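Asker: Prediction below, plus the sequence it came from.
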Amino acid sequence: MRSTEPWRSFAVDLACTRCERELALDTAHNLCECGAPLSVRYDLDAAGTLWTREALRLRRSDMWRYREVLPVQRAENCVSLGEGMTPLLELPRLSAQLGGRRLLLKEESLNPTNSFKARGMATAVSRALELGLKHLAVPSAGNAGSALAAYAARAGLRATVLVPRDTPAAFVEECRALAADVELVDGLIHDCGKRVAAGRETQGWFDLSTLKEPYRLEGKKTLGYELAEQLGWRLPDVIVYPTGGGTGLVGMWKAFEELEQLGWIAGRRPRMWSVQTQGCAPIVRAFHAGEERAAAWENAHTFALGLRVPVAVGDFLMLRALRESGGNAIAVSEEEIATAGRELASTEGIFASPEGAATWAALRRLESIEALGDASTIVLFNTGGWYKYAEGWRRVLEL
Ligand SMILES: Cc1ncc(COP(=O)(O)O)c(C=O)c1O
Ligand SMILES: [Zn+2]
């Protein structure tokens, strides 16, 4: 149902996640001068008195129901394709493997262009429109590029997507159909990122790389708001999340902090478990080594393309969230993803993206089940659909 209430955002400014710098919302920014990501701050005291959980009942059924804690200032700048409010599905058959604990899956493949990347691109493109930017560029493993292409087309802005040369044709064709320019880069996503950085000067692109601009994180954060709302303003005990650049993980952690300040949730926050693959596990390695930053992973390879991220500018934010939450970090093999993907599909009817299947792969291990301890509710994330990974799945499942 569409609300007739006025649009209102309680966003106040941007603050650096490392140094003390504060920046205004009225111009476009990438990283802070110190090299760290910027983060949007809200007047949560005011929001907590003027906005209520009950008001959500009459709101539209997408992520903009939380517009008070999103950065878009004016309704006419909201670029939307209906993203968010995805189902939180019970997994009763797989629950049986967890000693009767309740297992749920947030089904993000139902978003526009089939992935959770829609959330971040909806806010980033809306703000780009609001700030008068014209040409947006993103390095991508596939899904972020598709999402940018869709939202840029809807906003009437230009988009350029840079992907590794071995990216499945379905992503490339989708981006081109959505009127984006696509460049195939020899190398991995960080090589695409270098090309975007160069294009800022030479082509006038605005860089929308993960955490190198502050607004994608805000859209991703709505994952945390939705989880809380869908569970009746209680949070699960454990969240198992496939981690590449880390916006989902860091975004949900931010959401939980904001929800506490709003007075909408209380009690223990979920333990955050990061899942990567054995072919590219910089965060898992740094977590277990007690490092604050993650060294670059050499020769990254995995068919879970969204997890093929050898370096991440937000590494320290992910590691901080994992540690503050009393979390965990697990690297799974390609074979484990295949087994888990088959099991999710054949027992629960959910054929996931490899990244989504990786979350079940990490949880179904004996040592993970032991590590759950007294946890009674666990949430997995299927961050995308399987279709565009058809070739990779065919190979590992021998279909
Ligand atoms: C399907 C899928 N899952 C997970 C990820 C990793 O997401 P994040 O960058 O939020 O860690 C990606 C990133 O490309 C992805 O496409
Ligand atoms: Zn700074």
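Answerer: Great, that's in hand. Ligands and ions are numbered 1, 2, ... in the order given.
Asker: In the stretch 51-200 of the chain, which residue sits closest to ligand 2?
Answerer: In the stretch 51-200 of the chain, no residue comes nearer to ligand 2 than Ala197, which is 18.0 Å away by C-beta to the ion. For glycine as for every other residue, the C-beta is placed from the backbone atoms N, C-alpha and C.
Asker: Could you look up the SS state of the spatially most central residue of the chain?
Answerer: Per C-alpha atoms, centre = their mean, the C-alpha nearest to the average position across the chain is that of Gly248, at 3.2 Å. Using DSSP: H, G, I helix; E, B strand; the rest coil, the secondary structure recorded for Gly248 is helix.
Asker: Relative to Thr383, how far out is the closest residue to it other than its chain neighbours?
Answerer: The spatial neighbour of Gly248 that comes closest, neighbours along the chain excluded (C-beta to C-beta, 6 or more residues apart in numbering), is Lys220 at 5.2 Å. Applying C-beta to C-beta, to the nearest Å, the value for Lys220 to Thr383 is 10 Å.
Asker: Can you name the residues of this structure that neighbour ligand 2?
Answerer: The interface of the chain toward ligand 2, taken as C-beta under 5 Å from the ion, is made up of Cys16, Arg18, Cys19, Arg21, Cys32, Cys34, Ala36.
Asker: Narrow those residues to just the buried residues.
Answerer: Buried subset of these (neighbour count, 16 or more other C-beta atoms under 10 Å): Cys16, Cys32, Ala36.
Asker: Which of those residues fall within helices?
Answerer: Secondary structure assignment by DSSP state H places none of those in helices.
Asker: in the protein, which spans are helices?
Answerer: Applying DSSP H to the chain gives helices spanning 44-50, 92-95, 117-130, 143-155, 169-177, 189-203, 215-230, 247-262, 282-289, 315-324, 334-348, 354-363, 366-371, 390-397.
Asker: now these as a markdown table including mean pLDDT and distance to ligand 1?
Answerer: Listed next are the helices of the chain as a markdown table, based on pLDDT from 0 to 100; distance: least, C-beta to the nearest ligand atom, whole Å:
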| stretch | mean pLDDT | distance to ligand 1 |
| --- | --- | --- |
| helix 44-50 | 97 | 24 |
| helix 92-95 | 97 | 19 |
| helix 117-130 | 98 | 6 |
| helix 143-155 | 98 | 3 |
| helix 169-177 | 98 | 10 |
| helix 189-203 | 96 | 8 |
| helix 215-230 | 98 | 6 |
| helix 247-262 | 98 | 4 |
| helix 282-289 | 98 | 9 |
| helix 315-324 | 98 | 8 |
| helix 334-348 | 98 | 12 |
| helix 354-363 | 98 | 3 |
| helix 366-371 | 97 | 19 |
| helix 390-397 | 97 | 12 |
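Asker: export the ones you listed to JSON lines and tack on distance to Gly306?
Answerer: Converted to JSON lines, the helices of the chain look like this (distance: least, C-beta to C-beta, whole Å):
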{"stretch": "helix 44-50", "distance to Gly306": "31"}
{"stretch": "helix 92-95", "distance to Gly306": "22"}
{"stretch": "helix 117-130", "distance to Gly306": "9"}
{"stretch": "helix 143-155", "distance to Gly306": "6"}
{"stretch": "helix 169-177", "distance to Gly306": "11"}
{"stretch": "helix 189-203", "distance to Gly306": "9"}
{"stretch": "helix 215-230", "distance to Gly306": "13"}
{"stretch": "helix 247-262", "distance to Gly306": "10"}
{"stretch": "helix 282-289", "distance to Gly306": "13"}
{"stretch": "helix 315-324", "distance to Gly306": "14"}
{"stretch": "helix 334-348", "distance to Gly306": "12"}
{"stretch": "helix 354-363", "distance to Gly306": "5"}
{"stretch": "helix 366-371", "distance to Gly306": "21"}
{"stretch": "helix 390-397", "distance to Gly306": "12"}
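Asker: Which parts of the stretch 1-150 of the chain are strands?
Answerer: Counting by DSSP state E, counting those that start in this stretch, one finds strands in the stretch 1-150 of the chain at the ranges 11-16, 22-23, 38-42, 88-90, 102-107, 135-139.
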